[in-house]
Every structure is written in structure tokens, then in C-alpha cells.
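J.: Structural data only, the sequence is not supplied:
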């Protein structure tokens, strides 16, 4: 379609109503906030429906919904390895191995644990890694929102990015985790309906399921359902590099989400360990199922229109709606897309602000009280939102920006967090040495792939993550044991300083249920 969308007025009205509703919910939620715990983890009062809804809505994000369509248009289901497989696996792994200890300790952020288990230095590294990761996450999702507004309202992309970012900042600032949770439930329902509607229409346009699957192809991959490296390789890479890319994609998604504050601000909001376990695991299963939908849509879109420009591919979802859907259906699904984007952007923005307003503030000012934490967390919603907007205007990329953020957080925080929880001999020297060496390997190997192997920036940063992570884990493990006498490892403790057990029945959900320790 050339020129302005003829039904832009309808789309503008619907998006306007949706935006006002989100701002209204944010204003209501702001009245529920009494202290920092209310703002960051919703007072730890969320039951199963709200917790399940907010976790699922955060994972089914603009990066997956819109970025996944664009990736599958070019590469087919290989993009699914990067998202949803890696992040989805985390939702299944977390309740069994991580959530029990994190909730028992009553932490509010991942750096809370890192700082007490290792040192303020380690907590600072983890905090900065989370901030960078969340900036890239919000950058990707705000770009997706701008793409929706740009397509439907015929605005320049930068105008759409600014408009979406301002709405995001206002309603996240108002209500914190309460606003995010309640809006997430609404957004998740809208998105699921919109995704299914869109899939049905695209499959119909492609000639039905049989025709879509039998004649499937994509721009860069003639076998779009072939996920493992074969004759066509993986993302254009073959041999050892292809397998490294694939494994990195899975591990990056899993490892980054292990330390992602936007997950923990939800999980730690649950009213009980039992609620957290069931909500997270159920969200993981549903996410892996629903996460395939954008990839089928992208493959179907290539069959319908195989000659789209790079700009049209990046905005594939809105482009399909404008050209192949009725005004009413297109408008509804556009609102659902906006919901998907905002449910993820608000999560990342609050996560960023929580780490800056709590952990970084307390590192700089150990005497900061609850009121100071609440005040600075709200301020960082605005500061972080503005920085993310500037980044979005610069990159104007969705899927790859999000995956790049995964690699940074996985290397900088995943080994420290995992060994900090489950390896009693892990110490501060091991944590710092492993983290710095891992980041050095990642940067060095990325440069090697770029300049020697001719890899693009995004590919290089992803492939280099696997050796970096291996080096980080191994170094941390070995150095901790070699320096145990000089730097005795600290015990894992809760927020009151009480030691927590890290082995045996504590890690067995079955045993805890049987003993009644999971209420």
C-alpha cells in the first residue's frame, strides 16, 4: 500500500483509547504504592492469575511478536532458537532451581544477592549489566511501538518512537509494579486473541496449512522448518560456527533471563513460593507454544509477498494488517500489538529503574532509606526511558537489539548468580576474575569474527557468547578454589543475614511440597 492508511482515523482513535486506559490504570495503581516494596515487587501480594499473566505478557513481547515475524520472513524457524526457545526454557528451569532460594532470601533484585554473596564490586558489575541489558530491551520494544504508529498513522518512525516512549514513561512512573502487573493482564489477553486472528488470516491467504508447509520458503533459507544446521547451515554459517551459533542462541536466552530483573521483579512479587513455581512454569509452557505463531506468520508472509523491502520486513506485522486485513480486524490487532510492546517495555523500564534506584543508590549511599529508594526508582524510570528513546532513534532495530542485550547480561551476570546460589566455594576473587575474563573473551572473539571471518556485528556478538560463557564459568570455579584461603567464600544469606542452605532437599520441589515447606 502506498501513501497514508485510509482508515488511519479509526486506528488513531483505538490506539488513543488504549493509551488513555493504560494511563488511567497507571494512575489507579499509583495510589496502591506505599513504599519501595510496593513499587518494585507489588508488595509480594500477587496470586496465580496476575503473576502468570504478567510473566507471560513480558515474555510475549514486541521483540518476539514483531521481530519474530521479520526474522522468520528471512530465516524461518531458526530465529525461534534465539527466541522463544532460550527464554522459554528459563521459565521452566527457574522454578525448580532458582526461585526457591531467591524468594526465601526475600531479595528484591538480583544485585541484592550478588552484593551480599560476593561484594559491592560484584554487585556493581551485575547492576550495570542489567541496566545495559534493559536499555537494549526497552530500545527494541519502543522501536516496535514506533513501527506500529508509523505504519498506521503515516508518521515518520522517529515520531512514533517518541510518542510511544512518552506514554511508557508516564504510566510506569505512576504505578510501578502494580501498574505493570494490571496492564500486563489486559495486554496479554489482547495479544493472544490478536495473534490467533492474524495467524488464521495469513494461513488462509497462503492457501491453507498444507500449502503453507508444503511450499514453505524464506528470503534466506529454502528450508524454513529445518532448525538444526544442515546443508544450509544456521543463519548462513556452516560447520563448527553454525553449531556454536545455535548453542549460543539457546544459552544466551536462558542465561540472560536468569539474571534479568524484569523476570525477578515478577517472580518475587508472588504471594508464595508455590504460586511462583506454578505461575512461572505454566507461563513457560504457554510461551513456547504461542511463541511459534509469529514464525508461522512470517513464513506465510513470504509466500504471500516475497519481494518486500528491508524496511517493510522490519515492520512486517503492521504491513500485513494494512494490506490484507479489514479495517476493524487491523485496528484490533494493531492495539494487541501495541499491548505486546508496552507490556514488555514497561517491564524493562521498571527493572532498569529498580536496579538504579535501589542497588546503585545504596552502593553510593549505604544510608539511603526506603523513601530514598522509592524516590530514585521513580526518577530512574524517567531517566532510563529517555536514554532508551535516544537508543531507539539511533538503532531503529527490533529483534537483533534484543538478542544483543541477552549476550551482555548472560556473560556478566549468569555465572555469578548461578555459582553464587549453588556453589558454596565460589568466592569474590573467582567471581570478579571470571566475569572480567569472560567479557574480555567475548569482545576479543567478536572482533576476530568480524575482522577475520567477515561476520556482521550482530552475528559476531552472538557466536562469541558461548566461548565467553564457558571461560567465565570455568575461571570462576577454578580461581575460587585456588584463592579460598586468601578470600574465604561468604555464606548465602537472606536480607536479615540468616544463612540459607544451598543443597539437598532445598533444591527439590517434590521434597518441599511433601514436607509442606512450599505453602
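T.: Yep, that arrived. Given the structure is predicted, the values throughout are model-derived calculations rather than measurements.
J.: Report the separation between residue 238 and residue 246.
T.: Note on residue 238: its distance to residue 246, by C-beta to C-beta, to the nearest Å, is 12 Å. Where you see a C-beta, it was placed from the backbone N, CA and C, and this is true even at glycine.
J.: Settle it for me: which of the two has more neighbours?
T.: Comparing residue 238 with residue 246 by other C-beta atoms under 10 Å, the one with more neighbours is residue 246, at 23 against 13.
J.: residues touching the more buried one, list them.
T.: Neighbouring residues of residue 246 by C-beta atoms under 8 Å, 6 or more residues apart in numbering: 81, 227, 228, 229, 234.
J.: now with 6 Å?
T.: Contacts for residue 246 (C-beta atoms under 6 Å, 6 or more residues apart in numbering) come out as 81, 234.
J.: correct me, but residue 202 touches residue 297?
T.: Yes: between residue 202 and residue 297 there is a contact at 5.0 Å, judged by C-beta atoms under 6 Å.
J.: So residue 216, which state does it fall into?
T.: Using DSSP: H, G, I helix; E, B strand; the rest coil, the secondary structure recorded for residue 216 is coil.
J.: pLDDT averaged over the helix or strand where residue 415 lies, what's the number?
T.: Secondary structure assigned from DSSP states H and E places residue 415 in helix 399-422. For helix 399-422, mean pLDDT is 83.
J.: Output the below-cut-off pLDDT ranges for the stretch 201-350 of the chain.
T.: Along the stretch 201-350 of the chain, segments meeting pLDDT under 70 span 231-232, 340, 343.
J.: in it, which spans are helices?
T.: Using DSSP state H, counting those that start in this stretch, the helices found in the stretch 201-350 of the chain span residues 209-214, 239-259, 261-267, 273-290, 293-304, 310-314, 316-324, 327-354.
J.: Next, the angle helix 399-422 makes with the second one.
T.: Interaxial angle, helix 239-259 versus helix 399-422 (axes from the mean of the first three to the mean of the last three C-alpha atoms, to 10 degrees): 70 degrees.
J.: Give the buried residues for helix 239-259.
T.: Residues 241-259 are the ones in helix 239-259 that count as buried (16 or more other C-beta atoms under 10 Å).
J.: What of the fourth one?
T.: Taking 16+ other C-beta under 10 Å as the basis for neighbour counts, the residues of helix 273-290 that come out buried are 273-284, 286-288, 290.
J.: between the residues you listed, which is nearest residue 19?
T.: residue 290 (24.6 Å; C-beta to C-beta).
J.: any idea of the pLDDT on the nearest residue to that closest one once chain neighbours are set aside?
T.: The shortest distance from residue 290 to any non-neighbouring residue, by C-beta to C-beta, 6 or more residues apart in numbering, is to residue 60 (6.0 Å). According to the prediction, residue 60 has pLDDT 75.
J.: Check the burial of residue 60 by counting its neighbours.
T.: For residue 60, the neighbour count with other C-beta under 10 Å is 28.
J.: about what we covered before: let's have the helices of the stretch 201-350 of the chain in a markdown table, adding distance to residue 388.
T.: Below are these laid out as a markdown table (distance: least, C-beta to C-beta, whole Å):
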| stretch | distance to residue 388 |
| --- | --- |
| helix 209-214 | 36 |
| helix 239-259 | 17 |
| helix 261-267 | 13 |
| helix 273-290 | 24 |
| helix 293-304 | 23 |
| helix 310-314 | 18 |
| helix 316-324 | 21 |
| helix 327-354 | 7 |
